[in-house]
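Chemist: make a model of this:
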Amino acid sequence: MADTVSKNNPVRTRRDEEKEMRRQDILDAAERVIAKQGWDQTDFGKIAARARLSRSLVYVYFPTREDLFHAVCRRGLEDLERRFATVMATHATGLEQCMALGRAYFAFAREEPLYFELISQFHAKDLDPDDESENEQQANEHGRGCIGQVVQALANGIADGSIAKSVGDPRPAAVSIWAFTHGLIQIASRKECMLQEFFQLNTAQMMEHGFALMRGSLAAKR
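Modeler: Model (predicted):
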């Protein structure tokens, strides 16, 4: 009964909405500070100043730097998962879904470089399920949601005949595709001068070359 009353209490509802708005304001401020100074140089004092809040209040919402880091990663992975869901809904065959997912990941890296960089750091860390904060757990769930859509695209392609059955179990294959695409994006984005000098390729051309290789390795032979 008490829970029902609290849920229908307009004062409590307004207070919860205000807390969530303040939390989002802190995350907005954190992203601006991180984008300007980098994660290693970011501290709560700078974030508090940017958000026009006290430093102690920032700690109320995010008790540690790690919790804040995971909250920003969670935002980025939520965005990426939504993009992947759109791709899955707008392409017919599993092969086309796989290729579109790769291009969506590349677009995400170009349009949201802060998220891409922080997510790269996030994925480089080992998971400890026994010591996860809520934000870390949620970030991991959205990350699994992203890779799960790659698994589904592969399974769809094997079922509809667009992807070779020799690809095998879609789960490890999805991890391989993610690792290939992630590494390709990093090299193509960070080594553009080298690519131009030695191979006369820009970032977009390098990515398309990589995607062509991926298509060739996945496509069923007709």
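Chemist: helices along the protein, start to end?
Modeler: Per DSSP state H, the chain carries helices over the ranges 2-7, 10-37, 44-51, 55-61, 65-90, 94-111, 113-123, 134-160, 170-190, 192-199, 203-218.
Chemist: redo the ones you listed as a markdown table? Include mean pLDDT and mean neighbour count.
Modeler: No exception for glycine: its C-beta is placed from N, CA and C like everyone else's. Converted to a markdown table, these look like this (pLDDT from 0 to 100; neighbours: other CB atoms under 10 Å):
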| stretch | mean pLDDT | mean neighbour count |
| --- | --- | --- |
| helix 2-7 | 50 | 9 |
| helix 10-37 | 89 | 14 |
| helix 44-51 | 94 | 18 |
| helix 55-61 | 93 | 15 |
| helix 65-90 | 96 | 19 |
| helix 94-111 | 97 | 21 |
| helix 113-123 | 92 | 18 |
| helix 134-160 | 96 | 19 |
| helix 170-190 | 94 | 17 |
| helix 192-199 | 86 | 12 |
| helix 203-218 | 93 | 16 |
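Chemist: who's in contact with residue 220?
Modeler: 95, 157, 161, 162, 163, 164, 165 (CB atoms under 8 Å, 6 or more residues apart in numbering).
Chemist: swap in residue 90?
Modeler: Taking CB under 8 Å, 6+ apart, one finds residue 100 in contact with residue 90.
Chemist: again, but for residue 143
Modeler: By CB under 8 Å, 6+ apart, the neighbours of residue 143 are 77, 119, 122, 123.
Chemist: kindly recompute the last result at 10 Å.
Modeler: 73, 74, 76, 77, 80, 81, 119, 122, 123, 127, 178 (CB atoms under 10 Å, 6 or more residues apart in numbering).
Chemist: try residue 181
Modeler: Per CB under 10 Å, 6+ apart, neighbours of residue 181: 98, 101-106, 109, 150, 207, 210-211, 214.
Chemist: just curious, which of the residues you listed is nearest to residue 140?
Modeler: residue 150 (16.0 Å; CB to CB).
Chemist: wait, the closest one touches residue 172, no?
Modeler: No: between residue 150 and residue 172 there is no contact under CB atoms under 10 Å: 11.2 Å.
Chemist: walk me through the domains of this structure.
Modeler: Annotated domains of the chain cover 1-62, 64-218 [automatic domain parsing].
Chemist: compute the first-to-last residue distance for the last one.
Modeler: Taking CA to CA, to the nearest Å, the span from the opening residue of domain 64-218 to its closing residue is 43 Å.
Chemist: right, and out of the contacts of residue 143, which lies closest to residue 135?
Modeler: residue 74 (5.4 Å).
Chemist: from residue 150, how far out is residue 134?
Modeler: Separation of residue 134 from residue 150 (CB to CB, to the nearest Å) stands at 25 Å.
Chemist: residue closest to the middle of the protein?
Modeler: Nearest residue to the geometric centre of the chain (CA atoms, centre = their mean): residue 77, 3.1 Å.
Chemist: for it, what are its contacts?
Modeler: 70, 115, 118-119, 122-123, 138-146.
Chemist: next: residue 61.
Modeler: 19, 22, 23, 24, 25, 26, 27, 51, 53, 67, 68, 71.
Chemist: next one: residue 27
Modeler: 47, 51, 61, 62, 68, 71, 72, 74, 75 are the contacts of residue 27 under CB under 10 Å, 6+ apart.
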